[in-house]
Every structure is written in structure tokens, then in C-alpha cells.
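Asks: Build me a model from this:
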Amino acid sequence: MKKKKVFVFGIDCFEPSLVFGEWRNLLPNLSSLMNEGCYGEMKSTLPPITVPAWTSMMTSKDPGQLGFYGFRNRKSYGYEELYFANGAYVKEKTLYQILSRNRLSSIVLSVPQSYPPKPINGIMAGCFLTPDKNGVWTYPEEAAKEIDMAAGGDYIIDVKDFRTENKEELLKQIYEMTRRRFKVVREFIRSKEWDFFIFVEMGVDRIHHAFWRYHDKNHRLYEKGHKFEYAIRDYYIYLDSEIGSVLKILDDDTIIFVVSDHGAKTMHGAICVNEFFRREGLLKLKEEPDKQQKLRVSDIDWNKTYCWGEGGYYSRIFMNVEGREPSGIIPKSQYEKVRDEIKSKLENLGDQNGNPIGTKVFKPEEVYREVKNIPPDLIVYFGDLNWRSAGSVGGGAIHTFENDTGPDDANHAQYGLFIMKGNGISKGRRKSISIYDIAPTILNIFGIKKEEGMIGKIIE
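Replies: Below you'll find the model as predicted:
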């Protein structure tokens with residue numbers, strides 16, 4: 001009997017409505033996988049962000065259990081800058097570490113939070129969090145040369161800057177990155193021994209953020225007939241052809257997954273969360289800014305500040321609590337009362353015309369199984385992720401339509417997608433699939449019992 005194998009196409013930000021609906025007939029290889037297997041929307045983490053979503057997928061643990069709540073997290077209750085959560089902060093066992101323990105070999109290419117790389121039974125290449133390729137970015141270290149060679153000279157970790165006005169150059173970079181990655185995938189499928197193979201392509205995420213305004217007719221900046229109107233569609237078609245090139249060399253006994261960590265949606269604008277807090281008397285600066293600028297902790301009058309927030313596709317709100325923060329002013333006995341008041345103010349904040357936008361505000365301990373390390377006091381989806389959070393201060397405006405970190409047209413959507421095809425898998429559309437279900441399902445395919453603490457279920 002042939003040994004079971006599992007191959008995973010990880011496509012960051014793949015949007016289910018485009019793959020399953022609008023463009024299905026344009027994507028013959030993905031469509032064939034759907035026709036021959038099962039598929040459906042897949043609920044992502046809260047928040048639906050690349051970090052921690054991919055690690056949650058590979059561990060079947062939620063962000064609270066993992067102990068990081070996005071790219072940037074607090075190291076302490078002090079006022080220092082937030083740290084970036086790379087792979088060194090992942091303490092839970094990943095799927096490929098469990099497979100290694102069971103003497104199964106893995107090839108892991110660019111799965112977010114795989115930098116710095118860790119020892120596994122197989123090969124690992126670092127993700128977009130890799131600062132550069134001058135240091136050690138693969139395991140084993142000598143695999144770097146082989147990966148670069150297979151890519152045609154240089155394996156591209158990520159495009160240089162997806163928040164740029166130079167769209168032509170960015171588009172070239174995205175295609176070149178994808179082309180080189182798939183060259184490595186095909187070469188390693190043929191030349192390496194492996195039981196489990198996963199790689200994550202970042203091109204879809206980058207093209208969504210940079211070109212969504214040209215694609216979505218409901219975007220406020222949509223312009224019919226623009227030369228980039230079909231940039232996203234054409235890239236999906238190209239990506240489908242690359243997926244097809246891989247499917248041709250996988251044997252019939254390989255179980256195939258296509259998964260995304262979250263979807264994409266139009267970004268209506270940004271809420272300047274710290275300007276809002278200033279207006280509400282919750283945040284006090286030492287001096288009035290003369291222009292819009294990044295909020296620096298040194299600018300804040302901590303003796304008169306109740307809370308502050310971080311920018312991003314969602315917002316993390318931190319409160320200034322007496323005995324917890326160095327200059328905290330909220331009495332511990334009043335913590336819940338003040339937190340509820342802040343939550344209510346955020347939920348009631350409307351758009352620029354005062355119309356409700358449906359903001360959702362979460363308390364970490366109510367949405368996670370555990371709350372490790374230092375969580376935000378509140379997690380905010382402005383307009384249920386139709387608006388992003390801008391952390392800057394100055395200018396007085398609470399609503400803005402220019403992104404404070406550079407051009408960006410799309411926000412993340414709560415649902416990504418999954419497709420699963422292989423012998424013995426029943427066909428059809430599935431519902432109620434969670435990002436936490438992927439690791440237990442793959443372990444089950446290999447006949448390995450689900451690890452204790454995994455919160456996902458096995459997809460039957």
C-alpha cells in the first residue's frame with residue numbers, strides 16, 4: 001500500500017466569493033478540485049490577521065492560547081513600543097513538529113511565523129517576517145542555496161513594498177515572486193522525500209491590498225475601464241494555472257488542501273482611534289501636534305490618559321490602569337466599569353455622517369480559551385472590518401480616507417476558504433468549517449491522534 005501524503009496550497013487572503021462564485025469558471029484547476037472534493041468558507045481567527053492566523057491553523061490553538069494577538073504585541077505593561085511576534089514566540093507544537101515526532105517528513109515553505117526556522121524532520125524556509133536572507137532563513141541552513149537555485153537564482157521572501165504608488169513595478173514583483181516560488185515547489189515535490197508539504201503564497205494578499213480599488217465596483221475609488229481593472233482577476237487566473245502545474249505532478253494518492261487564513265473586503269476608510277479618544281477626553285497629549293503624525297508614547301501625558309489604541313486592520317485598545325501601568329490612573333476597582341464605557345463609546349461611533357457602522361468590540365477573556373501573556377484590553381473591528389484603525393494623531397479628523405501607512409484598498413474579511421480533495425473524501429460544499437480544524441484533520445489522515453488542547457474538529 002502506498003504511503004499517504006498531504007499537500008497544502010496556502011494562499012494568504014484568498015477570497016471565497018471570488019473562487020467559489022464570481023470567477024469559478026475562470027479557474028479550471030481550483031474548480032476541478034471543488035468538483036472532485038469538498039469545499040467551503042472557513043472561519044478565521046479573531047482577529048483574522050496573517051499573524052496569528054496561520055499559526056492557529058498549524059496548531060489548532062486560538063490567539064489567546066498562543067499568547068499573541070496580532071503582528072505587534074506588548075512585552076510588558078510599560079509604555080514601550082510593541083514587539084513583532086515572529087516564530088521565536090511560538091511555544092505551542094505545530095503540525096509539522098508533531099509529524100516530525102511521528103517520524104514523518106515535511107517541507108514547509110514560507111508559512112507565516114516560520115522565521116526564525118526551527119528544526120524539523122525535513123526542510124523549512126522562512127516567511128515574510130524574515131528581515132533579509134543574509135542570516136539563517138532555512139532549516140537546515142544549507143537548504144538556502146538549493147532553494148535559491150531551484151527558484152532560478154533567488155527565492156523571493158516577499159515583495160519590497162506593497163503600499164506603494166508604483167503599481168506597475170509592484171505587479172511585476174508579485175508575478176515574479178509567485179513564479180519563482182512555484183518553481184521551487186515543483187522541484188522539491190520531484191526531488192525530495194516528503195509526507196507533508198505546505199507552502200504559503202503571499203501574492204494574493206499583496207495584490208488585494210494594492211489593487212482592490214480597481215477591481216471592486218463598490219469601492220469609492222473604483223474607475224471603470226482603468227488599466228488595472230482586471231489585475232486581480234488576471235492574477236487569480238495565473239495562480240490557478242500555477243496550481244494546475246503542481247497538480248499534474250502529484251500522484252493520485254495525495255490528499256490536497258487549498259486554504260486561506262482570511263478573506264478580503266473593501267475598506268471604506270479609517271477611524272483615527274486616538275483622535276477619537278482625545279475628543280472624548282480619554283487621551284491627553286503633552287503638546288498639540290501641528291500635523292498628522294504617529295502617536296509616540298513620549299508624547300502622551302500619562303497622568304491624564306485613560307486609554308490609547310493601535311492602528312491596523314483592526315484595533316487593539318490598551319487601558320492605563322493604576323498599579324498595572326507605570327502611571328496608571330484607572331483604579332482597579334473601576335476597571336470593568338471604565339472598560340465597558342470605552343467599549344460602548346467605540347460601538348456607538350458612526351461614520352463621517354453619524355450613521356451606524358456596526359463596530360464590534362471584544363474582550364479577550366470572553367473570546368479565547370486562555371489569555372496568555374499580555375492581551376489588549378479590547379479588540380475592535382471598526383464597521384465589522386469595513387473600516388481600519390489609524391493610530392496617528394493630529395489634524396482633528398476622526399474619519400479619514402487616506403491610509404496613514406501608505407496606499408491600501410482592502411481590509412481582511414473574517415472568512416477564508418478551504419478545499420480538500422482525495423480518496424475517501426465525500427464531495428460537496430461544507431459549512432461550519434474553522435481554521436482550527438485543519439491540523440486535527442491532517443493528523444487524522446496520517447492516523448495520528450489529535451493533540452490535547454487542540455480546539456478544532458476533524459473534517460469528516
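
Asks: What are the boundaries of the helices in the stretch 51-200 of the chain?
Replies: With DSSP state H, counting those that start in this stretch as the criterion, the stretch 51-200 of the chain has helices at 63-66, 95-101, 143-151, 167-191.

Asks: swap in the stretch 351-460 of the chain?
Replies: 364-367, 438-445.

Asks: What number of residues are in the vicinity of the spatially closest residue to K224 that is not a sequence neighbour?
Replies: Spatial nearest neighbour of K224, excluding adjacent residues (CB to CB, 6 or more residues apart in numbering): K217 at 7.8 Å. (Each C-beta comes from the backbone N, C-alpha and C, glycine too.) Using other CB atoms under 10 Å, K217 has 8 other residues around it.

Asks: Kindly state the pLDDT recorded for K217?
Replies: With respect to pLDDT, K217 scores 93.

Asks: thinking again about what came up before, can you add mean neighbour count and mean pLDDT and give the helices of the stretch 351-460 of the chain back as JSON lines?
Replies: JSON lines is the format used below for the helices of the stretch 351-460 of the chain (neighbours: other CB atoms under 10 Å; pLDDT from 0 to 100):
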{"stretch": "helix 364-367", "mean neighbour count": "12", "mean pLDDT": "98"}
{"stretch": "helix 438-445", "mean neighbour count": "22", "mean pLDDT": "97"}
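
Asks: Let's have the ones you listed in TSV, adding distance to Y222.
Replies: As requested, the helices of the stretch 351-460 of the chain are exported to TSV (distance: least, CB to CB, whole Å):
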stretch	distance to Y222
helix 364-367	34
helix 438-445	34
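
Asks: nearest to P112, of those?
Replies: helix 438-445 (14.1 Å; CB to CB).

Asks: For that closest one, output the C-alpha coordinates as PDB.
Replies: The C-alpha coordinates for helix 438-445 follow below in PDB (Å, rounded to 0.1, in the frame of the first residue of the first chain):
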ATOM      1  CA  ILE A 438      -7.100  21.900   9.600                       C
ATOM      2  CA  ALA A 439      -4.400  20.500  11.800                       C
ATOM      3  CA  PRO A 440      -6.600  17.800  13.500                       C
ATOM      4  CA  THR A 441      -7.900  16.700  10.100                       C
ATOM      5  CA  ILE A 442      -4.400  16.300   8.700                       C
ATOM      6  CA  LEU A 443      -3.200  14.400  11.700                       C
ATOM      7  CA  ASN A 444      -6.200  12.100  11.300                       C
ATOM      8  CA  ILE A 445      -5.300  11.500   7.700                       C
END
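
Asks: low pLDDT regions in this structure?
Replies: Along the chain, segments meeting pLDDT under 70 span 1-2, 403-406.

Asks: Where do the domain boundaries of it fall?
Replies: The record's domain split for the chain, according to automatic domain parsing, is 5-265+412-445, 269-407.

Asks: Could you say which of those is packed most deeply?
Replies: Ranked by mean neighbour count, those are led by domain 5-265+412-445 with a mean of 19 (mean count of other CB atoms under 10 Å).

Asks: what's the span of it, first residue to last?
Replies: 9 Å (CA to CA, to the nearest Å).

Asks: Over to the residue nearest to K224. Which of the three states is it?
Replies: Using DSSP: H, G, I helix; E, B strand; the rest coil, the secondary structure recorded for K217 is coil.

Asks: do the one 10 residues further on as well
Replies: Assigned with three-state DSSP, K227 falls in the coil class.

Asks: Quick one: residues contacting Y335.
Replies: By CB atoms under 8 Å, 6 or more residues apart in numbering, Y335 lies in contact with 319, 321.

Asks: how about a cut-off of 7 Å?
Replies: Y335 makes contact with V321 under the criterion CB atoms under 7 Å, 6 or more residues apart in numbering.

Asks: Centre of the chain to the helix or strand it falls within, how far?
Replies: Assigned by DSSP states H and E, Y335 belongs to helix 335-348. From the chain centre to the centre of helix 335-348 is a distance of 27 Å (CA atoms, centre = their mean, to the nearest Å).

Asks: between the helices of the stretch 351-460 of the chain, which gets nearest to P407?
Replies: Using CB to CB, the nearest of these to P407 is helix 364-367, at 31.2 Å.

Asks: As CSV, could you dump the C-alpha coordinates of the closest one?
Replies: The C-alpha trace of helix 364-367 is given here as CSV (Å, rounded to 0.1, in the frame of the first residue of the first chain):
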residue,chain,number,x,y,z
PRO,A,364,-10.2,38.9,25.1
GLU,A,365,-11.2,36.7,28.0
GLU,A,366,-14.6,36.3,26.5
VAL,A,367,-13.5,35.1,23.1
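
Asks: can you list contacts of that helix?
Replies: 46, 64, 371, 375-376, 379.

Asks: Looking at the residues you listed, spot the one nearest G152.
Replies: L46 (39.4 Å).

Asks: The helices of the stretch 51-200 of the chain: which one's closest to H262?
Replies: Short answer: helix 63-66, nearest of the helices of the stretch 51-200 of the chain by CB to CB, at 13.0 Å.

Asks: Just the residues contacting the closest one, thanks.
Replies: 45, 52, 55-56, 59, 69, 90, 92, 364, 368-372, 375.

Asks: what's the closest of these to K4?
Replies: T59 (21.3 Å).

Asks: and the closest residue in space to that closest one that isn't next to it in sequence, what does it touch?
Replies: Of all residues not flanking T59 in the chain, E92 sits nearest, at 4.5 Å (CB to CB, 6+ apart). By CB under 7 Å, 6+ apart, the contact set of E92 is 59, 61, 65-66.

Asks: got it, and K43?
Replies: K43 sits next to 414-415, 434-435 when contact means CB under 7 Å, 6+ apart.

Asks: For these, work out which two are farthest apart.
Replies: Q414 and S434 (11.3 Å).

Asks: Taking the centroid of the chain, which residue is nearest it?
Replies: T50 (1.5 Å; CA atoms, centre = their mean).

Asks: Would you mind measuring from the residue lying closest to that one once chain neighbours are set aside to C127?
Replies: Residue nearest to T50 in three dimensions, not counting chain neighbours: P112, with 5.1 Å by CB to CB, 6+ apart. From P112 across to C127, the span is 5 Å (CB to CB, to the nearest Å).

Asks: next one: phi and psi at the residue lying closest to F211 once chain neighbours are set aside?
Replies: Once flanking residues are discounted, F211 sits nearest to A231: 4.6 Å by CB to CB, 6+ apart. Here is the backbone geometry of A231 (degrees, to the nearest 10): phi -60, psi -50.
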